[in-house]
Each structure stands twice: as structure tokens, then as C-alpha cells.
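Chemist: I'd like to go over a predicted model; first the sequence, then the structure.
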Amino acid sequence: MGESGAGKTTLLNVLAERTNVGVVRGDRFVNGQALPRDFQAQTGYCQQLDTHLATSTVREALLFSAKMRQPQSVPLAEKESYVEKCLDMCGLTAYADAIVGTLNVEFRKRTTIAVELVAKPRLLLFLDEPTSGLDSQSAWAIVAFLRELADKAGQAILCTIHQPSGELFQVFDRLLLLRAGGQTVYFGDIGYNSTTMLSYFERHGARPCQPEENPAEYILQVIGAGATATVDRDWHKVWMESAEREAAQREIEAIHEEGRKRPPVQTKLHSEFATSWPYQVVTLLQRDCQAHWRNPTFVVAKIVMNIFAGMFVGFTFYKAKDSLQGTQNKLFSIFMATVISVPLSQQLQVPFIHMRDLYEARERPSRMYSWMALVTSQIIAEVPWNIFGSSIFFLCWYWTVGYESQAYRAGYTYLMLGVIFPLYYSTIGMAIAAMSPNVQIAALLFSSFFSFVLIFNGVLQPYHSLGWWKWMYRVSPYSYLIEGLLGTVVGREKIACAPVEFVTVNPPTGMTCTQYLGPFMNVVGGYLTNPNSTADCAYCPYDSTDQFLVQNFSIEYAHHWRDFGIFLCYVAFNTCCIYTFTYLFRIQTFSPVASIKRFIEARKSRKDN
């Protein structure tokens, strides 16, 4: 216990081996022996904030923890039986099928404790301020439940607590009291009605505690906790010179001496995790798919967006003709079809980051599963929904625009737009989310990166007009997506110019239209509607879609399978980036300040030795 800023949570995190910043000095023992390698797996840690997947039921949350943290060799039926036991132990049987996100504060806290208990912690159960945010009745229920765990289940419990009521204070056995700066003021038994602890302070000059006072508030006032408090002595110095400290030190040495005579606590897990990587992926995939299914807003928004966008683009360019303008409309209908990836990518970044936050806050410190299993399951769970949405988009868009119904053209378009395209925007969205600290930054970065992809793919600015930026055309993945789609659905077709698209030319006297414009057409292409006429030659600049696409947009029909392969390589590259960015930005914790401190400490240690 201690005032705010005394270092309670910091100490708890250090003891539980859940801190990755700063410099930690000193020794940690269990019964006088060094900590086992899987110390985190043999302990439970309940955070102050109840972090859970909001779409899971209470039973599912416990069963997931049991699957991941108990050895894989334990039968599933045994894990399920122990989950039911923990539900009953924590008073959650009536709420077993309730969605965690709908529970009140007390029962979310009970769920947090049950999730840790179901892992069967052999050594310790850590709790960080379990009564914070609770009313007096709920706080009493939680602390009474912890007392019952200690008495009946033999569970050793270490927790921080902030200004408990007198009734709650009596439930605990032993107190470590800290003041600002993390200095010890008292460490020892509380005693019946706090008599042991109160007698210590009164013997060392503190005013007597009145019968109506709360002992917890009394000792905080005595040691000068709070911004306006005053104190007439250094209670840390008093403790360091007290007989109680010497007695506590002797007791610790006796515990160490006795513990060294016994075998050390054995390491139960000889690998980092209790389960294998494939088992982790399958279990996480089940949870992710379930979370998607129970989030109708997310799924319906994805489907409705694809339907609306497909109908909007399709009817905007409804039944485009084979004229020059019609061919141009088909090109822009494909370009507009790719823009839908922007909102869809930003949408999927939200659950990706939320699931990652849950992993970093609770599941990673508990060594429940590998981060690679988490990323793999998120990719696999997200892609089918995006393929389904793009398939609906294709059905609403392809025939509405008026593309050819040939099986080859339609099949390639569906493969590229309905399968590979959702793979691309799913992976690029996750890759950018992997290096972003939150959803807002991810959306900002994605919009910035994607602006280059859209601008330099050869539609808004054709390749031959880009100048120095031509290299961006080659880098942009949408250059290959649009070339593959447009070359397939539009290429190798005849162009029939509309009346307003013909250029009227009068040949010299005595020459036909073919004689006059033939050499020109042999170089640049095009066709005449009246080749034998001697006046008003009606000239169409393009006779085929291939000529139109090559001359204006550098798009060739023959490149469509090459473009398919290149675009698939971008998907593979994005997938690699998801894992790489997750490791570099979230897993490999690099802090220049912490590195400098560790270097200085190492130098000091070598000099001392």
C-alpha cells in the first residue's frame, strides 16, 4: 500500500517480470531459490484495467485461457471441467454465457481473476488494485473472494491497494507500506484489528489511532502521504533503524535457509509456450472468426459498402459503348473500382490493432501464445470476408458496366478483382497497422501512402506524361492491377467511333480519302468510314482498343498474366511486411535511453568486479 506515485504498480510489475523499461537491480527468489525459467507461466497477473475481448462470453474467455496456458497434453474435457470449477469458485456460474462486454465492473473483475486462475498458477497470483473503480459492496465482494481463495484453495496472493476501508484492510495478512519514491516505511504483519501495525507506529512517535479512525487512512496520514501532508520525522529512516526490520530480515534469511534445503521450483514448460504453434493458430483463428461473426456492424458495413460501391460505379458507367468515350468510361470504371480499397483497408485496421492491444496488455506478458500465431490468425480470419465482399462487388459491377460476357475475360477479372485484389488491400492495411501505435495514426499513414498508389498508376496521369515520376508508375502496384484488368476486359476489341468523335478531313482534288490519309493511318492507325470518297473523309483516330490503350496509357493485353504474377508478388511482400513491422515496432522493444542506462550499469558492474 502507499500513496499515488509511491511505486506500487512498478514494484508489482518488476516482481512479476512484466516490465521492459528502466534498469532492474537486485535478486528475486522463490523459497530461497532462483526463479524458474517459466516463472511468468506459473504465476497469474490481474491488471488494474480489465482487458478482455468484448465479444467473448465469460466461459469462452476462461476456456481460451485454459487452452493456451495449460499444457497441450491436458485433455480438452479436463480443461472444460476446470473452467466450470473456476466459474463456480468465482461466483460466475450464472453469468457463464454472458458477453464480457456487457458485464458490470465487479463481474468483469471476477472474470479477470478467473481467467488467471484457470491457468492454474502454482506460485503467486498478482493483482494490481483490484478494488479500483468499485463501489464499497463490490470491493468487499472481491476482497472477500480473494480471502476465500487464500484460505480454501491455498492460493498465495500479492496485490496493491489504494486507501482501503477499515473492513477491507482487516482481510489482509501482511503489509508492505511505501512512501513517495518507493521507500519502505513498514513491512510486517497487520495483526488482529491492525494492532501489530498500529503499535509499531505509536511506539515510534506517531499519535495514537482513534477507535473511529480507519487504520489504512491513519498510517497514510502519519507517514505524510499527500501533497498537503506534513510529517515530523523520516519514517523510512525509522524503519531502517527499527528492530522490526531486523526481525523481518532474519525471517527472510530463515526462509531462504529452509528453502535451499529443498529442491528448487521446477520449470514446467521447457519451451516458451505451453502449446505448439499450429495449435495456437487454430485456437486463435476460432476466436477471431467468432469475434467477426459477433460484430455485425463490422461485417454488414463491409458487405453494404461493396454492394453500394458496385452499384454506384456500375450505373455511373452503365452499358458503356465501344466508342472512344465508352472505352474511356470502362477505364475509369476500373479505376473507381480500386478506390473502394481505401475505406475497406482502414476498416480492417481497427480490429487488427484492438486485438494486438489485447495481446500486448495481457496475453503476451502471460506467454499465452506467439505473436506470429496472432498475426497469422488475423490474416486468415480477415481475408475470406474481404473476398466475399469483393465477389459481391464484382457481381454488381461487371455486367452493369457492360463488359464482355466471355468466360475467359470474366474469369480473369474475377480472379484479379475478386480474389487477389482483396488479398492485397487486406495485407497492405495490416502492414501499415502493424507499424502504427493506434488506429488514428494507421488511418493517417494509410491515406498518405495510398495517395501515391492512386496518383501514379497511369490513369490520372498517363505513363508518357509523368516525366521524372515514371519510376513511381513502375513501383505502384495498381499499375499492374489496372493494366491486367483493363487489358483483359477491353483489349482486342474493335472501336466504333460515335458521330461526334469522327474527324472530318477534305483531301486534295483528285484524291480519295484512302489515297490521302492512307500513309498517315499506316503510321498512327485509325480507320475511315468512307475510304473511296473524295470529300468529307470521316476519320476515327483508333480502330482497336489495343491501339487506344497502348498509345494513351501504355497498357497491353499481352501483359495480363505478367501483371497477375507481379501483383501477387506485392501481396506476398505485404504479408512479409506485416510480420516484419510487427516484430520491429511492437515485439522488439528498443529504447535508446534504456539501452544507454543498461550500458552504464554494465560498465559500473565490471568496474566493481
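Modeler: Yep, that arrived. For clarity, every value in this text was computed on a predicted model and none was experimentally measured. Numbering: from 1, shown residues only.

Chemist: Going along the chain, name the strands of this structure.
Modeler: 29-30, 33-34, 43-46, 124-128, 157-160, 174-179, 183-189, 503-505, 527-528, 537-540 (DSSP state E).

Chemist: Contacts for the second one next, please.
Modeler: For strand 33-34, the external contacting residues (C-beta atoms under 8 Å, 6 or more residues apart in numbering) are 28, 259, 260, 262, 264, 265. Heads up, the C-betas are built off the backbone N, CA and C, glycines and all.

Chemist: hang on, the earlier thing: turn the strands of the chain into TSV, including distance to residue 275, mean neighbour count and mean pLDDT.
Modeler: Listed next are these as TSV, based on distance: least, C-beta to C-beta, whole Å; neighbours: other C-beta atoms under 10 Å; pLDDT from 0 to 100:
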stretch	distance to residue 275	mean neighbour count	mean pLDDT
strand 29-30	24	16	86
strand 33-34	26	13	84
strand 43-46	17	24	89
strand 124-128	22	21	91
strand 157-160	27	18	92
strand 174-179	35	20	92
strand 183-189	39	20	93
strand 503-505	72	12	93
strand 527-528	69	20	92
strand 537-540	68	20	93
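
Chemist: Take these and write them to JSON lines, including distance to residue 491.
Modeler: Converted to JSON lines, those look like this (distance: least, C-beta to C-beta, whole Å):
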{"stretch": "strand 29-30", "distance to residue 491": "72"}
{"stretch": "strand 33-34", "distance to residue 491": "71"}
{"stretch": "strand 43-46", "distance to residue 491": "61"}
{"stretch": "strand 124-128", "distance to residue 491": "64"}
{"stretch": "strand 157-160", "distance to residue 491": "69"}
{"stretch": "strand 174-179", "distance to residue 491": "75"}
{"stretch": "strand 183-189", "distance to residue 491": "78"}
{"stretch": "strand 503-505", "distance to residue 491": "24"}
{"stretch": "strand 527-528", "distance to residue 491": "18"}
{"stretch": "strand 537-540", "distance to residue 491": "18"}
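
Chemist: Can you check which of the ones you listed gets nearest to residue 340?
Modeler: strand 537-540 (33.7 Å; C-beta to C-beta).

Chemist: Paired strands for the closest one, with orientation please.
Modeler: Counting by DSSP bridges, the strands paired with strand 537-540 are strand 503-505 (antiparallel), strand 527-528 (antiparallel).

Chemist: returning to what we had before: which ones among the contacts of strand 33-34 are found in helices?
Modeler: Of the positions in those, 259, 260 sit in helices, assigned by DSSP state H.

Chemist: Between all of the contacts of strand 33-34, which two are separated the most?
Modeler: 28 and 262 (17.4 Å).

Chemist: Tabulate the strands paired with strand 537-540 in CSV, adding columns for distance to residue 109.
Modeler: Listed next are those as CSV, based on distance: least, C-beta to C-beta, whole Å:
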stretch, distance to residue 109
strand 503-505, 79
strand 527-528, 79
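
Chemist: Which of these sits closest to residue 407?
Modeler: Taking C-beta to C-beta, strand 527-528 is the member of these nearest to residue 407, at 29.1 Å.

Chemist: quick one: contacts of that closest one?
Modeler: Contacts of strand 527-528 (C-beta under 8 Å, 6+ apart): 513, 514, 517, 521, 537, 538, 539, 540, 543.
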